[in-house]
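Visitor: no FASTA, just this:
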């Protein structure tokens, strides 16, 4: 019996421990890629109409690009206003953001990669320009729901070759 005493004491201590550490508990986002509010980057007055948990992912509504004038209007904006940067840089730059139920945008996030899909940091003259022009796009459509308009994620991917935009997706 004495040889089992240390095991019994340990089992008793573990079973009696009721304190749960909340600092070690990790909170997860609803979906991979959800964009949380970050005061350093985001407008404090940008409001989601139904809270963070109800922002539709771009693949949830299957209605294609929701912009007045469609993709052509976006292409024209960048063709007319983007100034190529002679940096020799190539790859993809994705800008993802939220469009709220009023058609307003915020929570812009950038991810960039080289042509082999490895994460990369582009020359800031390229990314700053792309972000600035994307933020100026003000024709995002309001997505109606059965009862009310909804918030949704949107993205643009810029294919860059030698500092020039050669394609914009979607």
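Guide: That came through, no problem. No experiment lies behind these values; they were computed from the predicted model shown.

Visitor: List the contacts of residue 125.
Guide: 85, 87 (C-beta atoms under 8 Å, 6 or more residues apart in numbering). Quick note: C-beta positions are derived from backbone N, CA and C, even for glycine.

Visitor: Return the distance of residue 92 relative to residue 129.
Guide: 15 Å (C-beta to C-beta, to the nearest Å).

Visitor: Ramachandran angles for residue 49?
Guide: Taking degrees, to the nearest 10, you get phi -70, psi -30 for the backbone angles of residue 49.

Visitor: So it sits against residue 101, correct?
Guide: Yes. At 3.8 Å, residue 49 counts as touching residue 101 under the criterion of C-beta atoms under 8 Å.

Visitor: Need the residues touching each of these two.
Guide: Taking C-beta under 8 Å, 6+ apart as the criterion, residue 49 and residue 101 both touch 148, 149, 150, 151.

Visitor: Turn those into JSON lines, including pLDDT and secondary structure.
Guide: Converted to JSON lines, the shared contacts of residue 49 and residue 101 look like this (pLDDT from 0 to 100; DSSP: H, G, I helix; E, B strand; the rest coil):
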{"residue": "148", "pLDDT": "78", "secondary structure": "coil"}
{"residue": "149", "pLDDT": "82", "secondary structure": "strand"}
{"residue": "150", "pLDDT": "84", "secondary structure": "strand"}
{"residue": "151", "pLDDT": "86", "secondary structure": "coil"}
